[in-house]
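1. pasting the structure only:
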């Protein structure tokens, strides 16, 4: 049967919505484990706050609150850390790469060659569902933590424009995180095991995304290098936008770069997928 | 016109040859030796619409590879194929909507969700309109007797029940062509028979074209009018199931029920004694000697009952596979 482009469009979105609904239902099948896992992620906040307190205390023992590291006070540091938590709630993709590699290794990928469905968009929309389920559970704890720590945000709420950029950077960091990890997982077409590759990536991400410390703490030339890498958009960038550290033309350039990286990794993932399928189909299946 | 046309299809793989031992493993890091495995070596075949064809052959014969080629999962090394006018490995979306592949235990259902939810997603993916979907689902579930299991998470279903759900998932969009790879593998006798009956009924009613691979002769004899034997990647036989016995077995089995007090002494001069469980004896006799041997036995022994049968199909196939691999020792 032939369908008009308009119907094709509606059908594609209905399919995406159906994938989201089904993946949500799946996520809720293990609601106990899911809720516990979500809440556990808040524990590191406490240790991280104590850690920074200890650092600032050794810096200026009389009044830790007066100390500064590259312009960051203790309060700024906690505020920064809490904001990277929000960023990572969007950009981190637990299990994505390894599940793609497993799908290839176990031959489950056949399903996406036989059925009229695309692997990458299927994964994207189930990931959207996982994130939605996560936000529903995590929004309460997040609100509580931000309320308790409200005094750390010394500058108060940013203006509407900054907030809008913050929101946009979160959505884009989700897309970037997704396509970046999808690319890594698709390497599974060539390597049976991608876990060591993933380990290296996770390590780099841990330090260079700004998850551990603000990237402007890095000495030259590393600060410049990191500034040109896509990884900083996964945690540092949204937090820096919220805190008003990047403004005006610099903000516009960074937003454009973020869009560029998302498009680049989207195209790259498509290309690797297409190459991988050719190899898979030629090699064995 | 044939619904499936295969011409001179070949598929060879390059596989990494690892020798035994640590030293060889280290050497393998730098220099790898590859061996070419010819899984399919020039198969040509025509299948008409509504046919139910079985692929028989030993493990590694190229049956599954052929099904993978026809469902477009892999590219051929050479040769052509068309299914319903489509070239399978182009993976046209329109083609994907019109066939289905069921591979043994490979799961196309969501493990933690009731099958019902996977079916709903299929409805959307294959854009099946609501009334067709409802009609198909209720027909399939009642034929397979799984109405009550639709709401149960797939992980809690037995292997047989899961296989039934897989079949439903594959048939919801009313495919014209169905490829089944070992649909009854690992199932108990009752579940096997259920699935056989279902497939037979469904195929007769819908007149869809089915290609099936199986190791169970019962599947094949229950379902397929036509059998294709593949071994060593080559088509060895194409015809009816009973025809296999005629073409590949040069012998018949004479079953005797001897009279009281008769001994089996001397019977072995007529042929190989297969079973001696007095008073019953069965002897394998070359086909052309059957009438002469029978006359001689009836003259010399007291016989209460006699029957002449073809040897069991399994035996014929086993010896057929054996003779094929004997005649071609370079591959495994």
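-> Alright, I've got the coordinates. Note that the coordinates shown come from a computational prediction; the quantities given were computed from them, not determined experimentally. Numbering: from 1, shown residues only, chains lettered A, B, ... in the order given.

2. So for the nearest residue to residue B:186 once chain neighbours are set aside, what pLDDT did the model give?
-> Using C-beta to C-beta, 6 or more residues apart in numbering or on different chains and skipping the chain neighbours, the partner closest in space to residue B:186 is residue B:159 (5.9 Å). In this view, the C-beta of every residue, glycine as well, is placed from N, C-alpha and C. Looking at residue B:159, its pLDDT is 89.

3. Residue B:280 now?
-> 85.

4. and if you look at residue A:110?
-> 89.

5. Quick one: neighbours of the residue lying closest to it once chain neighbours are set aside, just the number.
-> Distances taken as C-beta to C-beta, 6+ apart put residue B:73 closest to residue A:110, at 5.1 Å, once the chain neighbours are dropped. Applying other C-beta atoms under 10 Å in any protein chain shown, we find 25 residues neighbouring residue B:73.

6. Three-state assignment for residue B:73, please.
-> Using DSSP: H, G, I helix; E, B strand; the rest coil, the structure places residue B:73 in coil.

7. what is the mean pLDDT for stretch B:215-224?
-> Average pLDDT, stretch B:215-224: 81.

8. host element of residue 28?
-> Answering for chain A, as no chain was given. Using DSSP states H and E, the element containing residue A:28 is helix A:5-29.

9. that's the wrong chain, I meant chain B
-> helix B:22-30.

10. can you list contacts of that helix?
-> Contact with helix B:22-30 is made by B:16, B:18-19, as judged by C-beta atoms under 8 Å, 6 or more residues apart in numbering or on different chains.

11. which is the next helix or strand following it?
-> Next along from helix B:22-30, by DSSP H and E: strand B:33-47.

12. counting contacts, what elements does whichever helix or strand comes after that next one pack onto?
-> Moving toward the C-terminus from strand B:33-47, the next helix or strand (DSSP H and E) is strand B:52-56. If contacts are counted by 3 or more C-beta pairs under 8 Å, 6 or more residues apart in numbering or on different chains; DSSP states H and E, strand B:52-56 sits against helix B:63-70, strand B:209-213, helix B:217-223, strand B:226-231.

13. can you state the direction angle for the last one and strand B:33-47?
-> For strand B:226-231 against strand B:33-47, the angle between stretch directions is 160 degrees (axes from the mean of the first three to the mean of the last three C-alpha atoms, to 10 degrees).

14. And for the second one?
-> Going by the same axes, to 10 degrees, strand B:209-213 is angled at 140 degrees with respect to strand B:33-47.

15. so what secondary structure elements neighbour the lengthiest helix in chain B?
-> The helix that spans the most residues within chain B, counting by DSSP state H, is helix B:189-206. Here helix B:189-206 touches helix B:130-144, helix B:159-171, strand B:209-213, helix B:217-223, going by 3+ C-beta pairs under 8 Å, 6+ apart.

16. redo that, cut-off 10 Å
-> strand B:52-56, helix B:130-144, helix B:159-171, strand B:177-181, strand B:209-213, helix B:217-223 (3 or more C-beta pairs under 10 Å, 6 or more residues apart in numbering or on different chains; DSSP states H and E).

17. For the third one, buried residues please.
-> Along helix B:159-171, the positions that meet the burial threshold by neighbour count (16 or more other C-beta atoms under 10 Å in any protein chain shown) are B:160-171.

18. Next: the last one.
-> Residues of helix B:217-223 classed as buried: B:217, B:219-220, B:223 (neighbour count, 16+ other C-beta under 10 Å).

19. Any chance of those residues in TSV with distance to residue B:65 as columns?
-> Supplementary listing: those in TSV, determined by distance: C-beta to C-beta, whole Å:
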residue	distance to residue B:65
B:217	22
B:219	20
B:220	19
B:223	22
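
20. closest to residue A:126 among those residues?
-> Comparing the buried residues of helix B:217-223 against residue A:126 with C-beta to C-beta places residue B:219 closest, at 35.6 Å.

21. List the contacts of that closest one.
-> B:54, B:180, B:182-185, B:192-193, B:195-196, B:199, B:212-213 (C-beta atoms under 10 Å, 6 or more residues apart in numbering or on different chains).

22. Around chain B, pick out the residues from the stretch 51-200 of chain A.
-> A:106-118, A:122 (C-beta under 10 Å from any C-beta of the partner chain).

23. Can you give me the distance of residue B:52 to residue B:95?
-> As judged by C-beta to C-beta, to the nearest Å, residue B:52 and residue B:95 stand 21 Å apart.

24. Give me the next element, helix or strand, following the helix holding residue A:28.
-> helix A:31-40.

25. which helices and strands sit right next to that next one?
-> Here helix A:31-40 touches helix A:5-29, helix A:119-148, going by 3+ C-beta pairs under 10 Å, 6+ apart.

26. Would you check that residue B:40 makes contact with residue B:231?
-> No - using C-beta atoms under 10 Å, residue B:40 is not in contact with residue B:231, being 11.4 Å away.

27. joint contacts of these two?
-> Taking C-beta under 10 Å, 6+ apart as the contact rule, residue B:40 and residue B:231 both touch B:61-63.

28. Select only the buried ones of those in PyMOL?
-> In PyMOL, a selection of the buried entries from these looks like this (16+ other C-beta under 10 Å):
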select buried, chain B and resi 61+62+63
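
29. could the shared contacts of residue B:40 and residue B:231 be laid out in CSV, adding distance to chain A and pLDDT?
-> As requested, the shared contacts of residue B:40 and residue B:231 are exported to CSV (distance: C-beta to the nearest C-beta, whole Å; pLDDT from 0 to 100):
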residue, distance to chain A, pLDDT
B:61, 16, 83
B:62, 13, 87
B:63, 14, 88
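
30. Let me have the shared contacts of residue B:40 and residue B:231 in CSV, extended by distance to residue B:135.
-> Listed next are the shared contacts of residue B:40 and residue B:231 as CSV, based on distance: C-beta to C-beta, whole Å:
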residue, distance to residue B:135
B:61, 39
B:62, 38
B:63, 33
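
31. Pairing partners for the host helix or strand of residue B:253, with directions?
-> Residue B:253 is part of strand B:251-258, with elements assigned from DSSP H and E. Here strand B:251-258 is paired, per DSSP bridges, with strand B:280-286 (antiparallel), strand B:303-309 (antiparallel).

32. Mean neighbour count added to those strands, as a markdown table?
-> Putting the strands paired with strand B:251-258 into a markdown table (neighbours: other C-beta atoms under 10 Å in any protein chain shown) gives the following:
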| stretch | mean neighbour count |
| --- | --- |
| strand B:280-286 | 18 |
| strand B:303-309 | 12 |
